[in-house]
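**Q** turn this into a structure:
(one chain, ligands or ions: 1)
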Amino acid sequence: MRQIILTGDRPTGPLHLGHFVGSLQNRVRLQHEYETYVLIADLQALTDHADQPALIRRSVHEVALDNLAVGIDPAVATLVIQSRVPELAELTMYYLNLVTLARLQRNPTVKDEMRQKGFDADVPAGFLVYPVSQAADITAFGAHLVPVGEDQLPMIEQTVEIVRRFNRMYPGQAETVLVEPRALVPPIARLPGTDGQGKMGKSLGNAIFLSDSTDVVAEKVRAMYTDPRHLRVEDPGTVEGNPVFSYLDAFDPDTAAVEELKRRYRAGGLGDVVVKARLIELLEAFLTPIRARRRALAEDQAHVGRVLREGTERGRETAGRTLSKVRAAMGLDD
Ligand code: TRP
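**A** From the prediction side, this is the model:
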């Protein structure tokens, strides 16, 4: 039997280059080798957007379009809407008893996000426990592999802990009930924002979206943070922590050319304008076919609707099979 991939996106807006580098690229590449599920995690999106259900509803479609536009093939991969699989919520409830509050409060990604969102003591309980719901997502589909960006590693770690506790506490009759997943993080694990800050994020206002127009992409790249001490073209520049070069590393297949640009930039005499012009050209070449596919798909909403409906149905069957095993192992099935 083929191994299983499960990964997902929060539908709080369209997807950006950071999503592509962190996860989309790997899921597209591996969809023919693995039985692949892509979860549109609208329940998770609600944990910090409870007051914006209309945004989430709209974004479910945006995220579906983005996945299909970058090459997810619904003939081999399955797109699933999280909220339409109630088994995921049920499994989350079982798992919540296997995790302590202290453990949840130690999750470094959740901590970062809480700080960023200014949550403090007012954090919604649902937000604090979303890693448990994510563990349910991953294990309900029996995933062996989870293609994610580096920021998601704490989620996979927490999932593995839950799986081990569950399997120890509720050993199945014949086989182990839950599969222990493994994260797949790409070599460039984190794409910085256009402002040079740690991570590209929708809510950080530093993202280039897969659906951005030619003009918007050019504008964003021209405004990108570079080396603040590289004032004149003749000045030597710094490549480390300079997002323009991080993007070249991620999107320029000609690594020798990138190395040569870095050498000239460090030596002095290479202006930001020239490097940015090259990046604009590369991103254009990368995004043009994605935009075209996205436009064509957006005109065929009936097709996208069908892909989501059929995918969600298949996903529900898979999750249902896991839940039967889970209930049996817990003695809840009669
Ligand atoms: N937390 C992920 C993100 O913010 C989205 C997600 C939800 C996910 N469920 C998942 C990722 C399951 C991997 C596996 O991008």
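
**Q** in the stretch 151-300 of the chain, where is pLDDT below threshold?
**A** Across the stretch 151-300 of the chain, nothing is flagged by pLDDT under 70.

**Q** kindly report the residues of the stretch 51-200 of the chain close to the ligand.
**A** Gln134, Asp137, Ile138, Val146, Val148, Gln152 (C-beta under 6 Å from any ligand atom). C-beta here means a position set from N, CA and C on the backbone, and glycine is covered the same way.

**Q** what about the strands in the chain?
**A** Using DSSP state E, the strands of the chain run over 4-9, 35-40, 77-81, 145-147, 182-184.

**Q** can you pull the buried residues of the fourth one?
**A** Neighbour counts over strand 145-147 (16 or more other C-beta atoms under 10 Å) mark Leu145, Val146, Pro147 as buried.

**Q** in TSV: the residues you listed, plus pLDDT.
**A** Below are the buried residues of strand 145-147 laid out as TSV (pLDDT from 0 to 100):
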residue	pLDDT
Leu145	98
Val146	98
Pro147	97
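
**Q** longest helix in the protein, by residue count?
**A** The helix that spans the most residues within the chain, counting by DSSP state H, is helix 301-330.

**Q** hang on, the earlier thing: winner for burial among the strands of the chain?
**A** The highest mean neighbour count among the strands of the chain, using mean count of other C-beta atoms under 10 Å, belongs to strand 35-40: a mean of 26.

**Q** give the pairing partners of that one; include direction for each.
**A** strand 4-9 (parallel), strand 77-81 (parallel) (DSSP bridges).

**Q** dump the ones you listed into TSV; add mean pLDDT as well.
**A** Listed next are the strands paired with strand 35-40 as TSV, based on pLDDT from 0 to 100:
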stretch	mean pLDDT
strand 4-9	98
strand 77-81	98
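
**Q** quick one: contacts for Arg165?
**A** Leu98 (C-beta atoms under 8 Å, 6 or more residues apart in numbering).

**Q** please tell me how far it sits from Val99.
**A** 8 Å (C-beta to C-beta, to the nearest Å).
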